[in-house]
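# pasting the structure only:
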């Protein structure tokens with residue numbers, strides 16, 4: 001079964017977890033280089049993704065920011081716009097330190113496969 005199909009019912013929209021989650025720029029992170037202009041052309045949404053058998057699926061409420069911050073997640077590589085936006089949102093909304101990543105992967109498809117395989121939850125854009 002393709003990863004996208006297996007994950008479709010098990011995503012938690014980020015707006016329910018962190019209502020002021022930031023928009024992402026397209027693959028270049030959140031900073032604009034000196035001398036360049038930036039213009040928003042669209043917005044993206046971060047979603048928490050877990051495997052169908054993960055304990056968070058059967059809960060009545062979505063995990064809170066503090067719980068996400070304390071959980072080691074599968075993340076994108078350092079420097080990824082998705083990871084930067086996620087870490088910035090957690091820093092703003094969760095008290096305390098953010099857990100170290102469970103696994104760092106540079107491919108969204110590989111992250112989906114790791115989640116479906118039960119390795120752990122992830123945040124995707």
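Yep, it's here. If you're wondering where the values come from, they're calculated on a predicted model, not measured in any experiment. Numbering: from 1, shown residues only.
# in the chain, which spans are helices?
With DSSP state H as the criterion, the chain has helices at 3-7, 14-17, 65-70, 81-93, 108-116.
# tell me the predicted confidence for residue 52.
Among the per-residue scores, residue 52 holds a pLDDT of 87.
# burial measure for it, as a count.
By other CB atoms under 10 Å, 12 other residues sit near residue 52. (C-beta placed from N, C-alpha, C; glycine too.)
# quick one: it from residue 114, how far?
Distance, residue 52 to residue 114, using CB to CB, to the nearest Å: 14 Å.
# next: residue 102.
When residue 102 is compared with residue 114 (using CB to CB), they lie 9 Å apart.
# hey, what's in contact with both of these two?
Common contacts of residue 102 and residue 114 (CB atoms under 8 Å, 6 or more residues apart in numbering): 74, 120.
# who's more crowded, those two?
Set side by side, residue 102 and residue 114 show more neighbours around residue 114, with 20 against 15, by other CB under 10 Å.
# what is the burial count for residue 89?
Using other CB under 10 Å, residue 89 is surrounded by 22 other residues.
# report pLDDT for the residue nearest to residue 66 when sequence neighbours are not counted.
Leaving aside its chain neighbours, residue 66 sits nearest to residue 94 (4.8 Å; criterion: CB to CB, 6 or more residues apart in numbering). pLDDT for residue 94: 84.
# contacts only, for residue 94.
Going by CB under 8 Å, 6+ apart, residue 94 touches 65-66, 68-69.
# who wins for neighbours among the residues you listed?
Neighbour max across the contacts of residue 94 (other CB under 10 Å) = residue 68, 24 neighbours.
# residue contacts, it?
Counting by CB under 8 Å, 6+ apart, residue 68 touches 17, 48, 90, 94, 123.
# mind putting these into CSV with distance to residue 80?
Converted to CSV, the contacts of residue 68 look like this (distance: CB to CB, whole Å):
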residue, distance to residue 80
17, 19
48, 16
90, 15
94, 19
123, 11
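# which of these lies closest to residue 39?
residue 123 (25.6 Å; CB to CB).
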